[in-house]
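S.K.: Sequence and computational prediction follow.
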4 protein chains.
Amino acid sequence: MKNVAANQAQRDEYYARISAKNMAPLWESLHNLVPRSPTSRCAPAIWKYNAVRAEIMESGNLISAAEAVRRVLVLENPGLRGESSITQTLYAGLQLILPGEIAPSHRHVQSALRFIVEGEGAYTSVNGERTTMRPGDFIITPSWTWHDHGNVHAAEGGEPVIWLDGLDIPFVRFMDAGFAENYPEAEQPILRPEGNSFARFGYNMVPVRHGHLGKTSPIFNYPYDRSREALDHLYRHGELDAWDGVKLRYVDPTTGGYAMPTMATFMQWLPAGFQGKAYRSTDATVFSVVEGAGSVSIGKERFEFGPRDVFVAPSWLPVRLFANDDAVLFSYSDRPIQEALGLLREERMAGADGLGTLSVEVV
Amino acid sequence: MKNVAANQAQRDEYYARISAKNMAPLWESLHNLVPRSPTSRCAPAIWKYNAVRAEIMESGNLISAAEAVRRVLVLENPGLRGESSITQTLYAGLQLILPGEIAPSHRHVQSALRFIVEGEGAYTSVNGERTTMRPGDFIITPSWTWHDHGNVHAAEGGEPVIWLDGLDIPFVRFMDAGFAENYPEAEQPILRPEGNSFARFGYNMVPVRHGHLGKTSPIFNYPYDRSREALDHLYRHGELDAWDGVKLRYVDPTTGGYAMPTMATFMQWLPAGFQGKAYRSTDATVFSVVEGAGSVSIGKERFEFGPRDVFVAPSWLPVRLFANDDAVLFSYSDRPIQEALGLLREERMAGADGLGTLSVEVV
Amino acid sequence: MKNVAANQAQRDEYYARISAKNMAPLWESLHNLVPRSPTSRCAPAIWKYNAVRAEIMESGNLISAAEAVRRVLVLENPGLRGESSITQTLYAGLQLILPGEIAPSHRHVQSALRFIVEGEGAYTSVNGERTTMRPGDFIITPSWTWHDHGNVHAAEGGEPVIWLDGLDIPFVRFMDAGFAENYPEAEQPILRPEGNSFARFGYNMVPVRHGHLGKTSPIFNYPYDRSREALDHLYRHGELDAWDGVKLRYVDPTTGGYAMPTMATFMQWLPAGFQGKAYRSTDATVFSVVEGAGSVSIGKERFEFGPRDVFVAPSWLPVRLFANDDAVLFSYSDRPIQEALGLLREERMAGADGLGTLSVEVV
Amino acid sequence: MKNVAANQAQRDEYYARISAKNMAPLWESLHNLVPRSPTSRCAPAIWKYNAVRAEIMESGNLISAAEAVRRVLVLENPGLRGESSITQTLYAGLQLILPGEIAPSHRHVQSALRFIVEGEGAYTSVNGERTTMRPGDFIITPSWTWHDHGNVHAAEGGEPVIWLDGLDIPFVRFMDAGFAENYPEAEQPILRPEGNSFARFGYNMVPVRHGHLGKTSPIFNYPYDRSREALDHLYRHGELDAWDGVKLRYVDPTTGGYAMPTMATFMQWLPAGFQGKAYRSTDATVFSVVEGAGSVSIGKERFEFGPRDVFVAPSWLPVRLFANDDAVLFSYSDRPIQEALGLLREERMAGADGLGTLSVEVV
């Protein structure tokens, strides 16, 4: 074997030389490139609704929905400032629409979810059907579908409405696969009565010749009253998990899979006094509190939460959930991507203290 | 409707205020976040083998395989310097292993492909089976499988061997889902005779109780002689596509899908004189020239290529392939990710000049 | 070429000789074995509820549920007498359970559906969960699950209850794949509260770690009030098909496929005055009338139908449905088998008279 | 509870009365309809090639291929005489084609396999491509594809050629789903060179835009030399199963599933002296001996077998295989149907005597 004891100066000279040819020595970066476990730049964080609501409302004085196209305050992860990202792959924002406003119609490859936080009167139209937005509803804008939002006039009961937008913007950007178009008019034409999609697909029955294609659920509004009813039943049936409470996943009834191809969505119930055991997983997750108050520990951080707060748990940091009173949490993550590509890994901590020894569970 | 004609100073003050709360105004960045079509930082580039072979060989004097763990020169895209990426999602490197060396055993979540470029004598071991590496072979290291590489001594015919490594390192990093481990010894134990995986899965027959799970093909060496034979047959059968020549995709015989969950791999034949029409797609692609010479236009760039050169075509830039003599190209991209998530989009240009009007083909 | 003009006597002698060796000449039967189109022994038929109800009730005087195990009158297709079949592959029977009775617990490979026809007070238990049976409910007993039926005492409101049993008995017999076992006691233990399966899977949400396997829907009671509500919505939304009226398919929410692996189930709405166009398909279908009256033409037969009647349409005979008043029909067929194996073929007749020229539609 | 002690005379009178209404009492037949385990009419049987070859050759004097359309001796199971069935669901026949003959082109819904038993010179054409038939080759005619067979003239080397036909005729008949058509001419036009399908799909690579649809493998000739090579490799690699020897399943490279939607096909190697342990399964199986001699026990029967013999093992009877010299067996069954519908059940006997206690293994 040759003598390979080159000194550092020789190496540095070599590195400079190959750099000019767009090359770099792997051995200087291998440990960073192939880490022993995830080392995310994403940080735990919380946006207290009390602390941001005033700013959201103030945006209504600053710019109109029509001018803004979408009047949204992006929730930027403290570890990812300037990237419009709440996790590496996902975007979150709080959108405000005032009575009488229209956010004009467009479409894009990015999938979007709307989780309604506050107010009555708003509606969204997707692919020719309109749905009314009520707090707690989970509403989908599938990839590449025309969509516009509106709010009835105050005289008709319109209130300022705020919702959480969740999109896969960072992921689609990273994949270099984004396309977008504006609709020629502010609002698309309405082709079907409200509730049609739910009637076709929401009753555990589907039209015999439905022809639904694509990777997104044809139900585009999963109303809160039904989601909450399911959780309530199951809690009363004793279905309480020590890590998750009662946790349900929204499904696409045409596949049994996730409601969206790139984002999983969940709603969970934590009964008053719940002290969840710790778990961690590779899908960083965004939570929106629907009801109740409690706290969450994420890695070494601990946040108190109340209604309408948003918090984020990064990849692989242990998470524990605690409830003071009965609490309902909505959440979303990039789990469908991780699962489709064989990347998802989870662990549930089995120790009596909720931490203790790890129970490794590779999914 | 309120007067929303805030002036820029008011807005700037507001932006500063919300920034302190980890928020940003979407309306200032919407066009960048949701572009009309992909605007990649990835640039067209070529690495001429003649221009880099000396540096690769020189690395053998600079560091041993054992010290380097993997003695590789990373091919860094000029638009993504410092990120160890040849495209947004993929990594490429040229690895050298000298006679008598061992690159020690480890495993990681990242999937790897090895496309052999030059030399005889090297072998790789994956999950208890060894395979000999010959130029043109496409060899797989599935996610989370132990693997180590070696080369026989010069006295036994070992030559310096160089191969192209293709990994999904940037993608797994972006997903915050990477794990890795070192094997306690330099080489893992060999449990099965060479060729066993191919005998079990390579003959269009599989063992009745094979129990193969996972998302990666159980064939881990697709030898060049067979791949070339298939291309040659098809060319003689008249199967020439005006855009691709004769292009085959490597398959996982247990699913019919891609050989790897995150990377598609292809081999194509361009007959002498071939002047391919232009196409573009959202999956940026890395090419390795196996035989023959020709040229490629990528967007506004044009590169001459010869044997063992590596070039990269970014997302959505039109690509045209031209062959001076019969040419064989290996290539890989993130197409399985794009397809799994509904992001892939392709266009083939139908004009007589190979460019002309677009024939939109959303996949 | 040899002279092959053997005379019939020579052939007959030969046929006798090879018959002794368990062989037969294909050329004498080829046209029957490989027919130009289906030539089923199954005949169109109707069982008028008025005409059979008395006999069903009489069976309650003849034998107890306990002695009978299942007190059912099998509906035998007139073309398949003695085979306990309503179509080639499917079984239908009308089961009676009296107040205070129990039909003892057993399990079998055959899948079963119960479509409730008349009466209040009965319940069925499947795999540890009980569900109340109400007219119009579609209830599933999945393959190989313990199940028993009961009826509360008359003092508690129990009435004689009659339901339509649909099973794949002929199919499983033909496949030589039937197994069965009796439970050691008359009733299996109840492990979960009533409604638990629906709460877990019926709300377009599912438990995150549900672990449901197998090929049958985990919802085992699809209640009539919800099915009817969906049909009613869609009819008011204008979703009327010229052949089917408004027709919905029951789905397994974990797959989007049929609720059972061997039997498809449907419910459809025919508005008063509906005159359906003709269609035919290779899946012979059993109908149970829920509400309303009308008529059906099947091949050259025409039957008037009213509430609770059962009728059967064989493979490939043209079917037309007519409604006098708003009618609701439940139906089941072996469509999942036909689809899984690539056998299903359908045609919808496009003529103005509802018959006319065929519009071939190979599925 | 009512007194239900009706006497037999009362019951008989009742049975006659309901019979007139196409009804029958389930309780008199329940045990037969829902048996404790399969009770097939299908019997173990063998057709010794020595004993039937003369008759097959004689058929060549009795009728021409053109007149017969298909000159085949159907192998009728002794338990299913008159039904043209070798198992409940499958058909087998030995077809003879003489030099210079053509068996005219037609197509049908029934899927067919040809396993070549003896002779050189024959060929078959499927969907525009011709393939030469050689002993040991497994050749497919997919459902609804045009196909015709021929044999070159004796002067060109044509010999009488005999093959085993395997079809799903009884199954398609039972499903009432058969359609057939004759081609207007004796032979269909040839559109592609011989070997094209194999070149496109046989090399563990597929054309990037292959567009292959349907449920049948696009490889339509799996040649014996390759199948035998795979078995030989694996035997030398020590892959010997105590029940099966070395057993491989033919796969569709576009799905990883069975080569045909209704029939599984296998080839297995039994080394000289092999004494297989007993197993049983619900898929009755037809075997064709390619090489070697041995014996098989099926239930209480035992048959000696030699080259070209055909034998059949019914559902759920224990099977043991014994080899005197190295033996190769081809086999087919309805396993894909059983698996698709959740019906397949298998057991492997674990006792030292090859029978002993059952090791239940529900698949």
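M.R.: Alright, I've got the coordinates.

S.K.: So what's the gap between stretch A:203-211 and the chain middle?
M.R.: Offset of stretch A:203-211 from its chain centre (Cα atoms, centre = their mean, to the nearest Å): 28 Å.

S.K.: Please spell out which residues along it are buried.
M.R.: Using 16 or more other Cβ atoms under 10 Å in any protein chain shown as the burial criterion, the residues of stretch A:203-211 that qualify are A:203-208. C-beta coordinates here come from the backbone N, C-alpha and C atoms, glycine included.

S.K.: again, but for stretch A:210-223
M.R.: A:212, A:215-223.

S.K.: Chain B: which of these is nearest?
M.R.: Set against chain B, the nearest of the buried residues of stretch A:210-223 by Cβ to the nearest Cβ is A:Lys215 (4.5 Å).

S.K.: Now do the contacts for the residue nearest to the closest one when sequence neighbours are not counted.
M.R.: If the residues on either side of it in the chain are set aside, A:Lys215 comes closest to A:Pro261, at 3.8 Å by Cβ to Cβ, 6 or more residues apart in numbering or on different chains. Shown in contact with A:Pro261 (Cβ atoms under 8 Å, 6 or more residues apart in numbering or on different chains): A:111, A:143, A:215-216, A:336, B:340-342.

S.K.: still on that earlier bit, now, the buried residues of stretch A:210-223 that are in helices?
M.R.: Residues of the buried residues of stretch A:210-223 located in helices (DSSP state H): none.

S.K.: which one among the residues you listed gets closest to B:Tyr235?
M.R.: Nearest to B:Tyr235 among the buried residues of stretch A:210-223 is A:Lys215, at 36.1 Å by Cβ to Cβ.

S.K.: And what about the residue nearest to A:Lys215, helix, strand or coil?
M.R.: Secondary structure state of A:Pro261, per DSSP: H, G, I helix; E, B strand; the rest coil, is coil.

S.K.: Inside strands: which ones of the buried residues of stretch A:210-223?
M.R.: If you go by DSSP state E, the buried residues of stretch A:210-223 have A:221-222 in strands.

S.K.: ok, of the buried residues of stretch A:210-223, which one's closest to A:Ala6?
M.R.: A:Lys215 (51.8 Å).

S.K.: Next, give phi and psi for that closest one.
M.R.: With angles defined as degrees, to the nearest 10, A:Lys215 sits at phi -110, psi 10.

S.K.: From what I see, it and B:Glu339 are in contact.
M.R.: No - using Cβ atoms under 8 Å as the test, A:Lys215 is too far from B:Glu339 to be in contact (10.2 Å).

S.K.: Any idea what the closest residue to A:Asp232 other than its chain neighbours is bridged to?
M.R.: Leaving out its chain neighbours, the residue that sits closest to A:Asp232 by Cβ to Cβ, 6+ apart is A:Trp269, at 7.3 Å. With DSSP bridges applied, A:Trp269 shows beta-bridge pairing to A:Val246, A:Val328.

S.K.: who are the neighbours in contact with A:Trp269?
M.R.: Counting by Cβ under 8 Å, 6+ apart, A:Trp269 touches A:231-232, A:234-235, A:245-247, A:326-328.

S.K.: before we move on, back to that, now do the residue nearest to A:Lys215, the pLDDT please.
M.R.: A:Pro261 is assigned 98 on the pLDDT scale.

S.K.: That one and B:Leu33: what is the separation?
M.R.: 19 Å (Cβ to Cβ, to the nearest Å).

S.K.: Run a quick neighbour tally on A:Val34.
M.R.: Per other Cβ atoms under 10 Å in any protein chain shown, the neighbour tally for A:Val34 reads 22.

S.K.: Could I get the full set of strands for the stretch 251-363 of chain A?
M.R.: A:264-270, A:279-281, A:285-291, A:294-298, A:301-305, A:310-313, A:319-323, A:327-333, A:346-349, A:358-361 (DSSP state E, counting those that start in this stretch).

S.K.: so can I have a markdown table of the ones you listed showing mean pLDDT?
M.R.: As requested, the strands of the stretch 251-363 of chain A are exported to a markdown table (pLDDT from 0 to 100):
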| stretch | mean pLDDT |
| --- | --- |
| strand A:264-270 | 98 |
| strand A:279-281 | 96 |
| strand A:285-291 | 98 |
| strand A:294-298 | 98 |
| strand A:301-305 | 98 |
| strand A:310-313 | 98 |
| strand A:319-323 | 98 |
| strand A:327-333 | 98 |
| strand A:346-349 | 94 |
| strand A:358-361 | 48 |
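
S.K.: Out of those strands, flag the one nearest C:Glu291.
M.R.: That would be strand A:264-270 among the strands of the stretch 251-363 of chain A, by Cβ to Cβ, at 36.0 Å.

S.K.: ok now the closest one, how far from the chain's centre?
M.R.: 11 Å.

S.K.: do stretch A:33-50 as well
M.R.: Centre to centre, stretch against its chain (Cα atoms, centre = their mean), the figure for stretch A:33-50 is 14 Å.
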